[in-house]
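**Student:** Below are the sequence and a predicted model for it; my questions follow.
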Amino acid sequence: MDVKDSIYIDGSWVTSTATGALEVIDSTSEQLLGTVPDGTADDVDRAVGGATSAFPSWASTRREERCELLAKIGEGLAARLDEIGAVISNAGGTPDGLSGSVWSADPTRAERVARQMRTGQVDIDGGAFNGEAPFSGYEQSGNGRERGRYGIEDFLEIKSLQR
């Protein structure tokens, strides 16, 4: 179990003013993954103050330098893409896996994350619903499919003949 006892405010990990903790539950298995501090209004005020004080410095940073910093963040996220995909997959709040969505400036990365999600349908960058595509879900949303060849196969009985 992963226990976090601090929160990230104004560039560093600090102790929350809260005395309690929130349980983090894996929605697909209902197992306890860990705990995080139960933040307070004071914690929010400290975080907003930190963000407000950081803005003038960020705004006065040269555009090229901001781009470089954001690119480093992007590289860090890309290096953890498999982990991020697993977290997204387990963060639905329910063991039902009917549908989900992924938004990204990089179509290849978006598809990679979408393929890891345990849902029957994933819209990428707001993709339009395709009424002709096979439709259903994973887990408690069911494994059967509606529409198309996959939907009809649920009603077929297959027979093998050998001579």
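**Tutor:** Sure thing, it's come through. Residues are numbered from 1 along each chain as shown.

**Student:** what's around the residue nearest to residue 112 when sequence neighbours are not counted, how many residues?
**Tutor:** In space, and not counting its chain neighbours, residue 112 is closest to residue 81: 6.3 Å by CB to CB, 6 or more residues apart in numbering. Placement of C-beta: from N, CA and C, glycine included. Look at residue 81: counted by other CB atoms under 10 Å, it has 13 neighbours.

**Student:** who's in contact with residue 81?
**Tutor:** By CB atoms under 8 Å, 6 or more residues apart in numbering, residue 81 lies in contact with 109, 112, 113.

**Student:** buried sites along the longest helix seen in the chain?
**Tutor:** Counting residues, the longest helix found in the chain (DSSP state H) is helix 41-60. By 16 or more other CB atoms under 10 Å, the buried positions in helix 41-60 come out as 43, 46, 47, 50.

**Student:** what residues are up against the second one?
**Tutor:** Taking CB under 8 Å, 6+ apart as the definition of contact, the neighbours of residue 46 are 9, 10, 14.

**Student:** sorry, back to before: filter the contacts of residue 81 down to just the ones in helices.
**Tutor:** 109, 112, 113.

**Student:** now those in TSV, with pLDDT, distance to residue 54 and neighbour count?
**Tutor:** Shown next, in TSV, are the ones in helices among the contacts of residue 81 (pLDDT from 0 to 100; distance: CB to CB, whole Å; neighbours: other CB atoms under 10 Å):
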residue	pLDDT	distance to residue 54	neighbour count
109	87	27	17
112	87	32	16
113	84	29	22
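
**Student:** Any chance of a markdown table for those, columns distance to residue 31?
**Tutor:** Converted to a markdown table, those look like this (distance: CB to CB, whole Å):
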| residue | distance to residue 31 |
| --- | --- |
| 109 | 28 |
| 112 | 26 |
| 113 | 23 |
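
**Student:** pull the helix or strand with minimum mean pLDDT from the protein.
**Tutor:** Ranking every helix and strand in the chain by mean pLDDT, DSSP states H and E puts strand 96-97 at the bottom, with a mean of 62.

**Student:** after that one comes which helix or strand?
**Tutor:** Reading on from strand 96-97 to the C-terminus, the next helix or strand found by DSSP states H and E is strand 99-102.

**Student:** hang on, the earlier thing: could you dump the contacts of residue 46 to a markdown table with secondary structure?
**Tutor:** Formatted as a markdown table, those follow (DSSP: H, G, I helix; E, B strand; the rest coil):
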| residue | secondary structure |
| --- | --- |
| 9 | strand |
| 10 | coil |
| 14 | strand |
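
**Student:** Give the buried subset of those residues as a PyMOL selection command.
**Tutor:** The PyMOL selection below is limited to those of those classed as buried (16+ other CB under 10 Å):
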select buried, resi 9+14
